[in-house]
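Trainee: Okay, here's the prediction I keep looking at, along with the sequence it came from:
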Amino acid sequence: MNERNSPNKDRPDLHQHILQLIGQWQDATQAFDEAIGNKLGLITAEHRCLKALLDGPKTAGVLAQASGLTPAAATSMIDRLEKRGFVERQRDGADRRKVLVAMTTPAAETLAKFYRPMAEDASAMLANFAPGDLSIIENFVEAALSLQQAHVERTAGESLA
């Protein structure tokens, strides 16, 4: 049995330490996003909308969900972002009746200025891990993400009473 798989009487302390690190990671991620949002004059919902557009155009309904807004509030947000040059509305090539929202090239370049160095540093950090370790990290992050999303949904559906 190797050291990684051996019984460890300090395991509860290790669990607690990992949980603390996860909380710190979440706080640091939120602080990073807030710092970028502050630089660009974006409120949280607007920043979430733009991050949702990083991988391509979306419908207003998808952006409402991504930003945590009602459809009407999302439409107002999209209007504000469009006036500021962050997004543009486009007709869907497959269905001309459908309107998509896309990030403008200048907005994408501006966001890349902030996020690219983080992505490059993260890639360099991951290069220090063996393939087997990366598989474990991938499994952990996927499970942690799923857990976090489930608790977001649970909390959103809970009443205060």
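Mentor: Great, that's in hand. No experiment lies behind these values; they were computed from the predicted model shown. Residues are numbered from 1 along each chain as shown.

Trainee: which stretch of helix or strand covers residue 90?
Mentor: strand 87-91 (DSSP states H and E).

Trainee: So for that strand, what gets flagged as buried?
Mentor: Buried residues in strand 87-91, counted by 16 or more other Cβ atoms under 10 Å: 87-88. Heads up, the C-betas are built off the backbone N, CA and C, glycines and all.

Trainee: Moving C-terminal from it, which element do we reach first?
Mentor: strand 99-103.

Trainee: pLDDT (mean, whole number) over that next one?
Mentor: Average pLDDT, strand 99-103: 94.

Trainee: Chain neighbours aside, what residue packs nearest to residue 108?
Mentor: Setting aside the residues directly before and after it, residue 108 is nearest to residue 54 in space (Cβ to Cβ, 6 or more residues apart in numbering), at 7.6 Å.

Trainee: Spit out the contact partners of that neighbour.
Mentor: Counting by Cβ atoms under 8 Å, 6 or more residues apart in numbering, residue 54 touches 103, 108, 111.

Trainee: Next, the contact list for the last one, please.
Mentor: In this case it means residue 111. 36, 50, 54, 103.

Trainee: ok, back up a step: tell me the SS of the residue nearest to residue 108?
Mentor: coil (DSSP: H, G, I helix; E, B strand; the rest coil).

Trainee: ok so, going back, which among the contacts of residue 111 end up buried?
Mentor: Of the contacts of residue 111, these count as buried by 16+ other Cβ under 10 Å: 36, 50, 103.

Trainee: Output the below-cut-off pLDDT ranges for this protein.
Mentor: Within the chain, the segments meeting pLDDT under 70 span 1-10, 161.
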